[in-house]
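Just a sequence and a predicted model for now, questions to come.
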Amino acid sequence: MPSIANYRGIIPAISCPFTPDHRIDEPALRKLASWLAGHDGVVAIMTNGHTGEVFSLTPAERAEVTRIVADELEGRCPVISSIVCEGLKDAADHARAAVAAGAVALDVMPPHHWLRFGFTSGHALQYFEAIHEAAPEADLVCHVYPAWTRASYSSQLLADLARLPYLQAFKVGQRDMNKYARDIQAIREADASKAILTCHDEYLLASMVQGVDGALVGFATFIPQLIIDLWNAVKAGDLKKAMEVQAVITPLKDAVYGGGEPTGEAHARMKGGMYLAGVIDDATVRPPTEAPSAKEMDALRAAVKQAGLLQR
């Protein structure tokens, strides 16, 4: 049986608040996790994603972030932890640590050396199998990278992954709408029971109307209710309402992502927006990620204000 009963809805990839001296801010992380889980339409929370500045965290800190969030949300909302590793043994160790910390599912990012050197389908299947063998009680989620990278999965590989009984969901972010549509079809034809979740933070409406089951996005750590409202309108087939919600989201998207894809500095700008909206009390990011400039904060303030969310 799947370890998470329902992936269909909105899953925020949670930001990781830090103290001014760059330590994990446990009270702030607990507060953020509880606030996110309190939204009707949030079906799980994911730790250690890119939005959570995972590349700045040590293995022990990644497990600690998951422990804090899982402890805070015990009995309320399931927790997924991303596995961001380079080799089979490394990934297996991280998987065991994440499950011990309270994660009930694991989001599997491609090893980042694949971005430079590429990979074979056999490499990918071995990687997923090694993680499953290390943590057989946990569902796996396939994190799909942009089509322009050398870590992009083919439609055939995604179909093969969909047939794995322990893989229950796909976090899809191809950033190529032709491939996105082909990949969704390939997954559906291989196993229609597997959940498909967009992770196109920067064009949510366009990706939601392609027949997916929700969204697993870092943007939802900032504006969960707007993204829930957008998804509810899409599910209801109310394009007019969906376009109205997207019109509120778009200035926020532009202020955070700057017309491009998520980046470290985009996640820093997101923290700046969260601070302005009163979601977090400290927008500290870990170096070398850079805090937003005064000009960027002005743009964020204007975007947050037009959305009716400005608190500071």
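Good, I have the coordinates.

Which elements pack onto the helix or strand Asp160 falls within?
Here Asp160 sits within helix 155-162, counting by DSSP states H and E. Where contact means 3 or more Cβ pairs under 8 Å, 6 or more residues apart in numbering; DSSP states H and E, helix 155-162 is packed against helix 121-134, strand 139-144, strand 167-172, helix 177-190. In short, each C-beta sits where N, CA and C put it, glycine included.

if you set the cut-off to 6 Å instead, what comes out?
For helix 155-162, the elements it packs on are helix 177-190, judged by 3 or more Cβ pairs under 6 Å, 6 or more residues apart in numbering; DSSP states H and E.

And the next helix or strand past the helix it packs on?
Taking DSSP H and E, what comes next after helix 177-190 is strand 195-198.

Quick one: residues in contact with that following strand.
Applying Cβ atoms under 6 Å, 6 or more residues apart in numbering, the contact partners of strand 195-198 are 7-8, 169-171, 184, 187, 207-208, 212-216.

if you set the cut-off to 7 Å instead, what comes out?
7-8, 11, 168-172, 184, 187, 204, 207-208, 212-216 (Cβ atoms under 7 Å, 6 or more residues apart in numbering).

Same question for stretch 166-178.
Outside stretch 166-178, the residues that touch it by Cβ under 7 Å, 6+ apart are 2, 4, 7, 107, 128, 132, 139-148, 161, 180, 183, 187, 194-200, 216, 261.

Emit the ChimeraX select command for whichever of those are buried.
Entered in ChimeraX, the line below selects the buried ones among the contacts of stretch 166-178, by 16 or more other Cβ atoms under 10 Å:
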select :2,4,7,107,128,132,139,140,141,142,143,144,145,147,161,180,183,187,194,195,196,197,198,199,200,216
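
how near is Leu125 to Asp160?
Noted for Leu125: a distance of 7 Å to Asp160, by Cβ to Cβ, to the nearest Å.

the more surrounded of those two?
More crowded of Leu125 and Asp160, by other Cβ atoms under 10 Å: Asp160, with 18 against 14.

Could you pull up the residues touching that one?
So Asp160 contacts Ser121, Leu125 (Cβ under 7 Å, 6+ apart).

just Met109 next, same as before
So Met109 contacts Ser82, Ile83, Val84, His143 (Cβ under 7 Å, 6+ apart).

what does Ile223 give?
Shown in contact with Ile223 (Cβ under 7 Å, 6+ apart): Ile249, Leu252.

Could you check how far the closest residue to Tyr180 other than its chain neighbours is from Gln306?
Here the nearest residue to Tyr180 in space, its sequence neighbours aside, is Gln174; by Cβ to Cβ, 6 or more residues apart in numbering that works out to 4.5 Å. To Gln306, Gln174 is 30 Å away according to Cβ to Cβ.

Ok, Met109 next?
Applying Cβ to Cβ to Met109 and Gln306 gives a distance of 34 Å.

Report the distance from stretch 28-45 to the chain centre.
Taking Cα atoms, centre = their mean, to the nearest Å, one finds stretch 28-45 lying 14 Å from the centre of the chain it belongs to.

quick one: contacts of the host helix or strand of Glu64?
Assessed by DSSP H and E, Glu64 sits inside helix 59-72. Outside of helix 59-72, the residues within contact range by Cβ under 7 Å, 6+ apart are 14, 16, 24, 26, 29-30, 33-34, 45, 47-48, 52, 54, 57, 79, 81, 94, 97-98, 101-103.

Dump the contacts of Met109 to a markdown table, plus distance to Phe117.
Shown next, in a markdown table, are the contacts of Met109 (distance: Cβ to Cβ, whole Å):
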| residue | distance to Phe117 |
| --- | --- |
| Ser82 | 21 |
| Ile83 | 19 |
| Val84 | 17 |
| His143 | 18 |
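
So which of those is surrounded by the most neighbours?
Going by other Cβ under 10 Å, Ile83 tops those with 30 neighbours.

which residues pair with Leu197 across the strands?
Leu197 has the following beta-bridge partners by DSSP bridges: Lys171.

Give me the distance between it and His143.
Per Cβ to Cβ, Leu197 is found 10 Å from His143.

circling back: neighbour count for Gln174 and Gln306, which is higher?
Ranked by neighbour count (other Cβ under 10 Å), Gln174 and Gln306 place Gln174 first, with 24 against 15.

Which pLDDT value does the model give that one?
Looking at Gln174, its pLDDT is 97.

Doesn't it belong to a strand?
No: using DSSP: H, G, I helix; E, B strand; the rest coil, the assignment for Gln174 is coil, not a strand.
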